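1. Let me see the structure of the following:
(2 chains)
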Amino acid sequence: MKSASLRAVATIALSALVAASLILGLLPSYWIFLFTSAAIAGVVLQGIGIVAGRTGMISLCQMSFAGVGAWTVAWLSLHEVPGSLFLWILIGGAAAVPLGVAVGLPALRLRGINLAIVTLGFAAAFDDVLAATTFPGQTEFKFVTRPSLVESDEAYFAFCVAAFALVAIGLELMSRTRLGATWLAIRHSERATAAHGVSVPGGKLSAFALSAFVAGIGGGLLAGQLGTLVSDSFNLMQSLAVFVVATMVGARHAEGAAFGGILIVFVPELLRQFALPQDLGDILFAVGATQALSMGASTSETFRASLRRLRRRRAPSPAHIPAAPPIAAPLTSPCASSAAGARAPAVSIRGLTVRYGNVVALDQVDLIVPERAVTGLIGPNGAGKSTLIDAVTGFIRSYEGTLTMDGEPLDGLAAHQRARAGVRRTWQQTRIAPDLTVGAYVRLAAGRTVSQREIADILEWLDCPPHNELVAEIDIGTRRLLDIAGAVAARPRAIFLDEPAAGQSYEQSTRLAARIAELPDRFGTSVVLVEHDIDLVRRTCSTVTVLDFGRVIASGAPTAVLSDDAVVRAYLGAREEALAG
Amino acid sequence: MLTSALAGLAAGGTYALLGVCAVFTYRMVAVVNFTGAAIGAAGTFAMVLLNEQGVPLPAAVAMGIAFGALISALIGAVMARWFAGASAQTKAAVTVAILVGMIALGLRITGGQHPHRLPELFPGAAFSLAGVVITIAATVSILLAVAFTTGATLFLRHTRAGLQLRALSEHPMAAELTGIRTRLLTVLVWLVSGAASSLALMIVAPQRAPNFLSLSELIVPAFAAALLGFLRNFWLTVAGGIALGILEGVASNLVSLNQYRAGVPFLIILAILLWAQRGARWDEIR
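-> Below is the predicted model:
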């Protein structure tokens, strides 16, 4: 285990231990009962944190999942199934998973908003089922039996805090895996995630299933706490309320979920103590959530941001900007290195036509991307360059023509399958999820096991910040380099770079040119470079293709193409007139 | 069978109208509005409370509709002020938050202790069809749904404000840059859909459990209807809402299914989504 994750795990375990001991040592039993409820609510909130906080979807049926967990535990207890409460709770969580999958599956490939509607529909339908059935043992007044180890309320409280901490630790460790990075990436940009070769529906489904599991555990814990259950604990309104609280506190972080659990239990309790109507609490949560959404930051996110600032102020980091390493050697003209025409094609595009309604964005475009070479793709704005990348990488559903890589057809493959097959891309606007660290991003983009050493090498080679830096804290220009770092870490057959030098200074773009020119030999990849910086194109490309209004107007060696009359006209307008004038 | 199917018509008309309101707000201001039915419930209870205070019914209805429209416009103003540039997910989450606040407030004001009598706006039978009596309420609610849809379609197509609204829905930022008063238009969209939702709920409320929460939950069948119209098509939504009502009527007739009646919209939602995802779709901007 790496030291960073070790520290995070220790922090959670220690905080839980200290909080539990303080509460047990100082507070009377009524308060301990309330804090038990808070810990359980915290578990359910962490479940929402996976779907809503990390993956950016809306789930409005978490208490229904909790209800399934609770029902299962009550049933297992009534039938005295061996294994005691500890096992029953796990089974309860597992029982919620298939339901979560069934609810989530239909909406995963559609716009996220559909999932919100499905989950609301499910919560409403579940209300009806609850109204029509009773919890096992309810009519016979049989309570859920606790094992002797957690028989007392104090012990059960400790057990619930431990469960909360275990879920938090599990999620913390998970957030450091590729799956955890996938969730955050999906929340930021589904397209960019698919471009890393990650199945977006798969990522969403795993988040949804795990969140149902955690909610089911929460329900099971509740069954053990109360012994007997009422359906009102799991109705639609409760599901909506926990979603709102989760939004307000930011339940994807453990401290947010803990705070939210405390709010859910103690706000109504305080209102009761002051003889105020308890439903004021929901109004308070509604206002809090709206406020958090308008700020774009929940309680826990604000808390973490200020913690970071504080830490930074205390220990001013040494001058962080790395000195620009000198460019190794003056660039040889890439054309001179070898005759590009002789190379085998890595990707070939034949007769590619893309229409948006009546507009023909690409018209019968042919482009051969030779192996281990940099091919330039230039043209004025709106010429169809980005459309070509979208079509090749699988982000346009209907096009005509054939796309092959190493002779194998790409047509019919989804975007993430094309990325896995070896066609990678970057975006005109960088789309890296800001919540990721640099290292986690490269690992996510690589899609294979990469050693720490290799990541460090790539990052250093491209002048990127170290692996533990948070993407949110690096500037946009550097993020563009990180885009390239991610793409090359995947060792693809071909990389489509969409204006990598946009927003870069002259020095940066000079350095970038050197790096791009080295990509084929260093990583064994072909590069298609879409760029407006003609200087960069001239420095790096062995062949250049020019698009104008969706058609290829010139193709060949850079010097010849760039002085071609048609090309100059496309870029600068009619030359003759300028001369005549 | 036919009797129970046609008995679902009144509910179907309401679902259709609420569904059209949902599509209207989604298309015009890109908000999936979870508060739609709650706004209607607010208007309905305003009407009921005023009526109990001795305000004559027609006046109470007018004031109730105005109240629903006002609440809706207020929510619209919040949306326009703070969430104009936010993603669809964020906007939907905001309406969920507001919904929770509204339900809490609504239950508090209308109270669970003493039940309210919800007056029937359109009592009596309109005509009979194949021996089954069709109520005026059912007829009116369906006619309203059709009228609202026709009105909205004509308005969007043939008026200047309609043109501006379409511009707003296509590209809010560009619309604002051409000098369209986007905030005003946004609030107007909310105002209109709030008024329509209020009227829809006033008609259906007497047949439902007369409390604020259960009326607010009518948003579920409304969304099911809207999904049948793929959140785009008004007429499909109207048809979907009516079909949903009829299906619910049939389900309530089958004793074995009756208690799970409200599961019908959920199953419909699932079926439509399964059908709709034949091809993956990317979230527009991301």
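
2. Quick one: mean pLDDT over the helix or strand containing residue B:127.
-> Assigned by DSSP states H and E, residue B:127 belongs to strand B:125-129. Strand B:125-129 shows a mean pLDDT of 74.

3. Ok, stretch A:552-572 next?
-> Mean predicted lDDT for stretch A:552-572 stands at 85.

4. which secondary element of the chain has the worst mean pLDDT?
-> Picked chain A for this. Ranked by mean pLDDT, DSSP states H and E, the helix or strand of chain A with the weakest confidence is helix A:334-337, at a mean of 44.

5. The intended chain is chain B.
-> Bottom-ranked secondary element of chain B by mean pLDDT, DSSP H and E: helix B:255-258, a mean of 61.

6. does residue A:480 count as helix, strand or coil?
-> helix (DSSP: H, G, I helix; E, B strand; the rest coil).

7. is it true that it touches residue A:505?
-> No: checked against Cβ atoms under 8 Å, the pair residue A:480 and residue A:505 is beyond contact range at 11.7 Å. (Each C-beta comes from the backbone N, C-alpha and C, glycine too.)

8. So if I had to pick from those two, which one is more boxed in?
-> residue A:480 (26 against 10; other Cβ atoms under 10 Å in any protein chain shown).

9. The more buried one: what's it in contact with?
-> A:426, A:430, A:500, A:502-504 (Cβ atoms under 8 Å, 6 or more residues apart in numbering or on different chains).

10. Most neighbours among those, please name it.
-> Those, ranked by neighbours (other Cβ under 10 Å): first place residue A:500, 28 neighbours.

11. Low-confidence bits of chain A, can you list those?
-> Scanning chain A for pLDDT under 70 picks out the ranges A:1-2, A:107, A:109-111, A:315-342, A:574-581.

12. Now do the domain split for it, please.
-> A:3-27+A:37-310, A:343-422+A:492-580 (automatic domain parsing).

13. Near the residue nearest to residue A:297 when sequence neighbours are not counted, how many other residues are there?
-> Spatial nearest neighbour of residue A:297, excluding adjacent residues (Cβ to Cβ, 6 or more residues apart in numbering or on different chains): residue A:305 at 7.0 Å. A count of nearby residues for residue A:305, using other Cβ under 10 Å, gives 12.

14. now residue A:305: how far from chain B?
-> The gap separating residue A:305 from chain B is 19 Å, by Cβ to the nearest Cβ, to the nearest Å.

15. Surely that residue and residue A:295 touch.
-> No: with contacts counted by Cβ under 8 Å, residue A:305 stays clear of residue A:295, the gap being 11.0 Å.

16. picking that back up, burial-wise, tell me which of the domains of chain A comes out on top.
-> Mean neighbour counts were compared across these using mean count of other Cβ atoms under 10 Å in any protein chain shown; the top stretch is domain A:3-27+A:37-310, at a mean of 21.

17. Quick one: distance of that domain to the chain centre.
-> Centroid separation for domain A:3-27+A:37-310 versus its chain: 20 Å, with Cα atoms, centre = their mean, to the nearest Å.

18. what's the average pLDDT for stretch B:263-271?
-> Per-residue pLDDT over stretch B:263-271 has a mean of 78.

19. Pull the distance from it to the chain's centre.
-> 17 Å.

20. Next up, identify which helix or strand residue A:546 is on.
-> Assigned by DSSP H and E, residue A:546 falls in strand A:543-548.

21. next one: residue A:285
-> Going by DSSP H and E, residue A:285 is in helix A:280-295.

22. What is that helix packed up against?
-> The contact analysis (3 or more Cβ pairs under 8 Å, 6 or more residues apart in numbering or on different chains; DSSP states H and E) places helix A:280-295 against helix A:236-249, helix A:254-273, helix B:57-82, helix B:88-110.

23. closest to residue B:40 out of those helices?
-> helix B:57-82 (6.0 Å; Cβ to Cβ).

24. By neighbour count, which bits of the closest one are buried? Give me those.
-> Buried positions in helix B:57-82, judged by neighbour count with 16 or more other Cβ atoms under 10 Å in any protein chain shown: B:60-61, B:63-80.

25. check the residues you listed against chain A, which are close?
-> residue B:78 (Cβ under 8 Å from any Cβ of the partner chain).

26. Not counting sequence-adjacent ones, nearest residue to the residue in the stretch 51-200 of chain B that chain A sits nearest to?
-> Proximity of the stretch 51-200 of chain B to chain A (Cβ to the nearest Cβ) peaks at residue B:101, 3.0 Å away. Using Cβ to Cβ, 6+ apart and skipping the chain neighbours, the partner closest in space to residue B:101 is residue A:286 (3.0 Å).

27. Quick check: residue A:16 touching residue A:162?
-> Yes: counting by Cβ under 8 Å, residue A:16 does reach residue A:162; the two are 7.1 Å apart.

28. The helix or strand where residue A:31 lies and chain B, are they touching?
-> Element membership for residue A:31 (DSSP H and E) is helix A:29-48. No: legend: contact between helix A:29-48 and chain B by Cβ under 8 Å from any Cβ is lacking; minimum distance shown is 11.5 Å.

29. tell me which strands and helices that helix is in contact with?
-> helix A:3-26, helix A:62-78, helix A:153-175, helix A:200-226, helix A:236-249, helix A:254-273.

30. tilt between it and helix A:254-273?
-> 130 degrees (axes from the mean of the first three to the mean of the last three Cα atoms, to 10 degrees).

31. Does residue A:468 fall in a helix, a strand, or a coil region?
-> coil.

32. Need the nearest residue in space to it, chain neighbours excluded.
-> Closest to residue A:468 by Cβ to Cβ, 6+ apart is residue A:437, at 5.7 Å.

33. what's near enough to touch the closest residue to residue A:203 other than its chain neighbours?
-> Distances taken as Cβ to Cβ, 6+ apart place residue A:182 nearest to residue A:203, at 4.3 Å, with adjacent residues excluded. By Cβ under 8 Å, 6+ apart, the contact list for residue A:182 reads A:193, A:198, A:203, A:444.

34. quick one: stretch B:62-78 to chain centroid distance?
-> 14 Å.

35. if you average pLDDT over it, what comes out?
-> 96.

36. C-alpha coordinates for it, PDB please?
-> Output in PDB follows, covering the C-alpha atoms of stretch B:62-78 (Å, rounded to 0.1, in the frame of the first residue of the first chain):
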ATOM      1  CA  ALA B  62     -58.600  31.800 -10.400                       C
ATOM      2  CA  MET B  63     -56.600  32.800  -7.300                       C
ATOM      3  CA  GLY B  64     -55.300  29.300  -6.900                       C
ATOM      4  CA  ILE B  65     -54.100  29.200 -10.500                       C
ATOM      5  CA  ALA B  66     -52.500  32.600 -10.000                       C
ATOM      6  CA  PHE B  67     -50.800  31.300  -6.800                       C
ATOM      7  CA  GLY B  68     -49.400  28.200  -8.600                       C
ATOM      8  CA  ALA B  69     -48.200  30.400 -11.400                       C
ATOM      9  CA  LEU B  70     -46.500  32.800  -8.900                       C
ATOM     10  CA  ILE B  71     -44.700  29.900  -7.000                       C
ATOM     11  CA  SER B  72     -43.600  28.500 -10.300                       C
ATOM     12  CA  ALA B  73     -42.300  31.900 -11.500                       C
ATOM     13  CA  LEU B  74     -40.400  32.300  -8.300                       C
ATOM     14  CA  ILE B  75     -38.700  29.000  -8.900                       C
ATOM     15  CA  GLY B  76     -38.000  30.100 -12.400                       C
ATOM     16  CA  ALA B  77     -36.500  33.300 -11.200                       C
ATOM     17  CA  VAL B  78     -34.100  31.300  -8.900                       C
END
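
37. Alright, that wraps it up for me.
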